[in-house]
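[1] model this:
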Amino acid sequence: MNSRSRGQASTIGGVFLAVLIVMLVSYIHMTLNYITNYNIEMSQWVNVANERIREDLVIISIEVGNEVSLELDDVNSYGADYSPKGIGSIRNRLANIDQRSLDISDSGNYSCSINFEFKYSLAGQALNGNVSIYLSATGMDGYEDTGPTDAIEVEVMIYAFNFETNSWDLLKKCIVFSSEFKWYNCTLTREHLSGDSVRIMIMVIGRSEKALRVEKRWFFITYVSDVYWPLVWLSVSVDYMNVKVKYFDGILPTIKVKNVGACSSRIVDIWLINETHHVHFPTNITIPSGTEISIDMNKLGEAEVNGVTKRDAGEIKLTYNSRYVIKLVTVRGNIFTYVLQIS
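    From the prediction side, this is the model:
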């Protein structure tokens, strides 16, 4: 083979090699793009999947104690007369919303107030409480010769006695201008429940905004010689009153849980932890998405105390003035925690 033929062969080989290199680079580039796009798509798919299985349990409340209605012990009026006067009759009437319990009326110059104190017996350590009152308050003003002629605004205030500060706490205050019955619902805190009783006071105040002024004229001067203040008439009717408290009884709490996540959750462990004990309750509780359930820990069956002792849940008692941590553990390993302070 002459030198010309060898040169042509070498040129053809070089071109072929270049084509192969270009094809290889293009293939590698396409492969890398595919892998990159695949990883992005997989990452997006995994994120979507994680969103779909993300758990979100909300512990709405922890209910502790036994709720009872207290018995009325005494009623005292400051200045105003009321009917009926027998404590037994008042107690029975207050517990029945279908009949009027107390009717109180009074009058005064320019302003008038009616104060009533209700005392309820308290037996045991109460955690919290509430009072519900259904009453009507009406105010009128006028003069002695005309009698009541115009309706006026009336302040209705509900107080509870604070045994720690030895004073009255204002729970609720409303301005009313009609004789319609209204509900007054108030929360009682530990300070109101730390004595041997619960004391509630209803205070109603009415004030007149008008006065009759008699003017006289002396030469070129006009002056007020007399001012006649109107009378104020108040009328209060209490139809229903109930004081409820939760006594501490040491029984394990009831947990209200809502699943606000996108998937069902299954609780496999519940822990109750304080400074001295770690109590473990094996469970198998499924909560579908969007639903709310109540878990009565007192009925969870057998529990492990400090990893050793096996005890029935009903035998385990809470301690007053203690802090507990409650943990709900799901089958996916997520933990939802709530702190419970009993005091």
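
[2] quick one: contacts of stretch 271-282?
    For stretch 271-282, contacts defined as C-beta atoms under 8 Å, 6 or more residues apart in numbering pick out 252, 268-270, 297, 300-307, 313, 316, 319, 322-327, 329. Bear in mind the C-beta positions are built from the backbone N, C-alpha and C, glycine included.

[3] nearest residue to residue 139 other than its sequence neighbours?
    Nearest residue to residue 139 in three dimensions, chain neighbours excluded: residue 206, at 3.4 Å (C-beta to C-beta, 6 or more residues apart in numbering).

[4] Likewise for residue 74?
    That would be residue 119: by C-beta to C-beta, 6+ apart, it lies 4.4 Å from residue 74.

[5] Just the element for that neighbour, please.
    Under the criterion of DSSP states H and E, residue 119 resides in strand 111-121.

[6] Keeping just the C-alphas, turn stretch 91-107 into PDB.
    Extracted in PDB, the C-alpha atoms of stretch 91-107 (Å, rounded to 0.1, in the frame of the first residue of the first chain):
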ATOM      1  CA  ARG A  91     -82.900  25.900  96.800                       C
ATOM      2  CA  ASN A  92     -85.600  23.900  95.100                       C
ATOM      3  CA  ARG A  93     -86.700  26.800  93.000                       C
ATOM      4  CA  LEU A  94     -83.200  27.700  91.800                       C
ATOM      5  CA  ALA A  95     -82.700  24.200  90.600                       C
ATOM      6  CA  ASN A  96     -85.800  24.400  88.400                       C
ATOM      7  CA  ILE A  97     -85.700  26.700  85.400                       C
ATOM      8  CA  ASP A  98     -89.500  26.400  84.900                       C
ATOM      9  CA  GLN A  99     -90.400  28.600  87.800                       C
ATOM     10  CA  ARG A 100     -89.300  31.900  89.300                       C
ATOM     11  CA  SER A 101     -87.000  31.500  92.200                       C
ATOM     12  CA  LEU A 102     -86.300  34.900  93.700                       C
ATOM     13  CA  ASP A 103     -88.100  38.300  93.100                       C
ATOM     14  CA  ILE A 104     -86.300  41.300  94.500                       C
ATOM     15  CA  SER A 105     -87.400  45.000  94.300                       C
ATOM     16  CA  ASP A 106     -86.100  48.200  95.800                       C
ATOM     17  CA  SER A 107     -86.000  51.900  95.200                       C
END
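
[7] Give the buried residues for it.
    Using 16 or more other C-beta atoms under 10 Å as the test for burial, stretch 91-107 gives 91, 93, 94, 101, 102, 104, 105, 106.

[8] same check, this time on stretch 241-261
    Along stretch 241-261, these residues count as buried under the neighbour rule (16+ other C-beta under 10 Å): 241-248, 251-253, 255, 257, 259, 261.

[9] Which ones among those residues map onto helices?
    Counted as lying in helices by DSSP state H, out of these, is not a single one.

[10] Next step: the residues you listed restricted to strands.
    Using DSSP state E, the members of these that fall within strands are 241, 242, 243, 244, 245, 246, 247, 255, 257, 259.

[11] which stretches of the stretch 1-150 of the chain form helices?
    Using DSSP state H, counting those that start in this stretch, the helices assigned to the stretch 1-150 of the chain run over residues 3-53, 87-94.

[12] Let me see the mean pLDDT of the first one.
    Across helix 3-53, the average pLDDT comes to 58.

[13] can you list the weak-confidence ranges in this protein?
    Within the chain, the stretches with pLDDT under 70 are 1-19, 22, 25, 27, 29, 31-53, 79-85, 98-100, 211-228.

[14] most centrally placed residue in it?
    Within the chain, one residue has its C-alpha closest to the average C-alpha position: by C-alpha atoms, centre = their mean, that is residue 61, at 8.7 Å.

[15] Identify the residue nearest it in space, chain neighbours excluded?
    With C-beta to C-beta, 6+ apart as the measure, residue 256 is the residue that lies nearest to residue 61, at 4.8 Å, once sequence neighbours are left out.

[16] And the one you found, how far from residue 313?
    Relative to residue 313, residue 256 is positioned 18 Å away (criterion: C-beta to C-beta, to the nearest Å).

[17] And the helices in the stretch 201-343 of the chain?
    Using DSSP H, counting those that start in this stretch, the stretch 201-343 of the chain contains no helices.

[18] returning to that earlier point: just checking, the residue nearest to the centre of the chain touches residue 258?
    No - with contact defined as C-beta atoms under 8 Å, residue 61 does not reach residue 258; the gap is 10.1 Å.

[19] Show the contacting residues for the nearest residue to residue 142 once chain neighbours are set aside.
    On the basis of C-beta to C-beta, 6+ apart, the spatially nearest residue to residue 142 that is not a chain neighbour turns out to be residue 149, at 4.0 Å. Shown here is residue 149, whose contacts under the criterion C-beta under 8 Å, 6+ apart are 140, 141, 142.

[20] returning to what we had before: what pairs with the strand holding residue 119, and is each one parallel or antiparallel?
    Taking DSSP bridges as the criterion, strand 111-121 pairs within the sheet with strand 72-78 (antiparallel), strand 197-207 (antiparallel).

[21] which one of those strands is the most hemmed in?
    Compared across the strands paired with strand 111-121, strand 197-207 shows the largest average neighbour count, a mean of 21 (mean count of other C-beta atoms under 10 Å).

[22] From the chain's centroid, how far away is that strand?
    Taking C-alpha atoms, centre = their mean, to the nearest Å, one finds strand 197-207 lying 25 Å from the centre of the chain it belongs to.
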